[in-house]
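In: Below: sequence and its predicted model.
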Amino acid sequence: MNFKNYSLVIFFIWITTLSNAQEGLPIYTDYLTDNIYLIHPSMAGVSNYSSKIRLTSRQQWLGQDDGPNLMTASISGRAGKYSSSALGGILYADKNGYHSQKGAYATYAHHLMFSRNDIDLNMLSFGLSAGFIQYNLDESTFINGGYDPIISGIDQSSTNFNMDIGMSYQFITAYVHATIKNVLKNDGVNNDIEITNNLRRYLFSVGNVFHTRQIDTDYEPSVMFQYKEGTKETFIDFNFKVYKDFDVSKMYFGLSYRLGLNGSEYLDGSGKSEQKLQYLTPVFGLSIYQFVFGYSYSYQTNSIVFDNGGYHQFSLGYNFNVRRPKYDGRLPGNY
């Protein structure tokens, strides 16, 4: 592949990276490590526990200097033991090359129970998250003493307000979630580029938990669909998890496959070729008493990538106080 062909691919990757660097809280596979509240605000307080706290750390291109990384901290729980209202909060810091962002969100969720108890669960939930995002772009090393009228040569910063809204419906062990993230438009630090101004993203998740009495094991197939309005990109996650309970611990294994439905064209020397984003992610989780640990490793299976280092993500958490006894079978969104 000659320089011209490489440049087309690199330009596409650069544009994608630029838009991802200002997308608000990025969406990876951390929601599969018992952290569904991170992407669906209506899931705040949906748990066997009075509240849950989760810390995550994600490192991309391990071994590469200044590789993209993301850190999040979240907490959510019911406003009272028998309350239908729930509160939550999310802090995050995301760095991607010369771009970085920090965000803080507060969440209110309300849960309408149509059933008498959680055994025949029938619940409709609504959630709203609102907060601030601080965008940064460090251009101090872009020109190296020269001059370019479109480069400021300084560390730019901008703080914007945004919000997410969502709803969930859970019936026994089946669930559906729908969320609109980044409802408002943000200027960020690239307000002359439309794809970084419109960060709106639509999420839709559906799944079910099946319980096998013979071996006392739970299986959870699920699908998550997401659409980015600014770049008109569509992604779909196919997920499958297996849960097993022991005396004082619980364990799960899972596998997720993310497919981008929009291909990017490039010249391969014999003509035009197309590739679509593809991630394969094994997931593992373990809890002992009320302490929780999760790990996922994402591998990009595209033919053209920056490197093959993979993406490591760790999650630590703690569950506070059991609100209700566990029954035979697992509630959706619980671990």
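Out: Sure, I can see it.
In: drop to CA atoms for contacts and neighbour counts, all remaining ones
Out: Fine.
In: Quick one: the helices in this structure, in order.
Out: Assigned helices in the chain, in chain order: 3-20, 194-197 (criterion: DSSP state H).
In: Might you list the low-confidence residue ranges for the stretch 51-200 of the chain?
Out: Of all residues in the stretch 51-200 of the chain, those with pLDDT under 70 make up the ranges 62-66, 141-153, 190-196.
In: Now with 50, please.
Out: Applying pLDDT under 50 to the stretch 51-200 of the chain flags no residue at all.
In: residue contacts, Thr107?
Out: Pro41, Ala44, Leu87, Gly88, Gly89, Gly127, Leu128, Ser129, Ala130 (CA atoms under 8 Å, 6 or more residues apart in numbering).
In: surely the second one meets Gly88?
Out: Yes. Counting by CA atoms under 8 Å, Ala44 sits close enough to Gly88 to count as a contact (6.1 Å).
In: which residues do those two both contact?
Out: Each of Ser76, Gly77, Thr107, Tyr108 lies in contact with both Ala44 and Gly88 under the rule CA under 8 Å, 6+ apart.
In: Show me what the second one is bridged to.
Out: What that stands for is Gly77. Residues in a beta bridge with Gly77, per DSSP bridges, are Ser51, Leu87.
In: returning to that earlier point: so for Ala44 and Gly88, which residue has more residues nearby?
Out: The residue with the greater number of neighbours, taking Ala44 and Gly88 and applying other CA atoms under 10 Å, is Ala44; the counts read 32 against 27.
In: State the pLDDT value of that one.
Out: The predicted local distance difference test score for Ala44 is 93.
In: Export the contacts of Thr107 as JSON lines, with columns for distance to Met167.
Out: Formatted as JSON lines, the contacts of Thr107 follow (distance: CA to CA, whole Å):
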{"residue": "Pro41", "distance to Met167": "8"}
{"residue": "Ala44", "distance to Met167": "11"}
{"residue": "Leu87", "distance to Met167": "15"}
{"residue": "Gly88", "distance to Met167": "15"}
{"residue": "Gly89", "distance to Met167": "17"}
{"residue": "Gly127", "distance to Met167": "6"}
{"residue": "Leu128", "distance to Met167": "9"}
{"residue": "Ser129", "distance to Met167": "12"}
{"residue": "Ala130", "distance to Met167": "15"}
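In: And Gly260, how far from Gly310?
Out: Using CA to CA, to the nearest Å, we find Gly260 at a distance of 18 Å from Gly310.
In: what's the answer for Asp247, then?
Out: Taking CA to CA as the measure, Asp247 and Gly310 are separated by 34 Å.
In: same question, Leu121
Out: The separation that Leu121 has from Gly310, given CA to CA, amounts to 39 Å.
In: what do you get for Ser100?
Out: In this structure, Ser100 and Gly310 are separated by 21 Å, where distance is defined by CA to CA.
In: try Tyr49
Out: As judged by CA to CA, Tyr49 and Gly310 stand 34 Å apart.
In: Compare those two and say which is more crowded by neighbours.
Out: The residue with more neighbours, out of Tyr49 and Gly310 and counting by other CA under 10 Å, is Tyr49; that gives 22 against 17.
In: Excluding chain neighbours, what is closest to Gln60?
Out: Leaving aside its chain neighbours, Gln60 sits nearest to Tyr311 (4.4 Å; criterion: CA to CA, 6 or more residues apart in numbering).
In: For the stretch 201-335 of the chain, give me the ranges with low pLDDT.
Out: For the stretch 201-335 of the chain, the stretches with pLDDT under 50 are 327-329, 335.
In: could you pull out the strands for it?
Out: 201-208, 210-212, 217-228, 233-245, 249-260, 264-267, 272-275, 278-288, 291-300, 311-322 (DSSP state E, counting those that start in this stretch).
In: For Pro26, which of those is the nearest?
Out: Closest to Pro26 of the strands of the stretch 201-335 of the chain, according to CA to CA: strand 201-208, at 10.5 Å.
In: Quick one: list the elements packing against the closest one.
Out: In terms of contact count using 3 or more CA pairs under 8 Å, 6 or more residues apart in numbering; DSSP states H and E, strand 201-208 is assigned the packing partners strand 174-181, strand 217-228.
In: Kindly export the longest one (C-alpha atoms) in CSV.
Out: Read that as strand 217-228. Taking Å, rounded to 0.1, in the frame of the first residue of the first chain, the C-alpha atoms of strand 217-228 are listed here in CSV:
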residue,chain,number,x,y,z
THR,A,217,-26.6,-21.7,36.8
ASP,A,218,-27.9,-18.5,35.1
TYR,A,219,-27.4,-17.6,31.4
GLU,A,220,-27.9,-14.1,30.1
PRO,A,221,-28.0,-13.4,26.3
SER,A,222,-28.4,-9.7,25.5
VAL,A,223,-28.0,-7.2,22.6
MET,A,224,-27.1,-3.5,22.7
PHE,A,225,-27.7,-1.2,19.7
GLN,A,226,-26.2,2.3,19.6
TYR,A,227,-26.4,5.0,17.0
LYS,A,228,-24.2,8.2,16.9
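In: So what are the sheet partners of it and their directions?
Out: Paired strands of strand 217-228, with direction, are strand 201-208 (antiparallel), strand 210-212 (antiparallel), strand 233-245 (antiparallel) (DSSP bridges).
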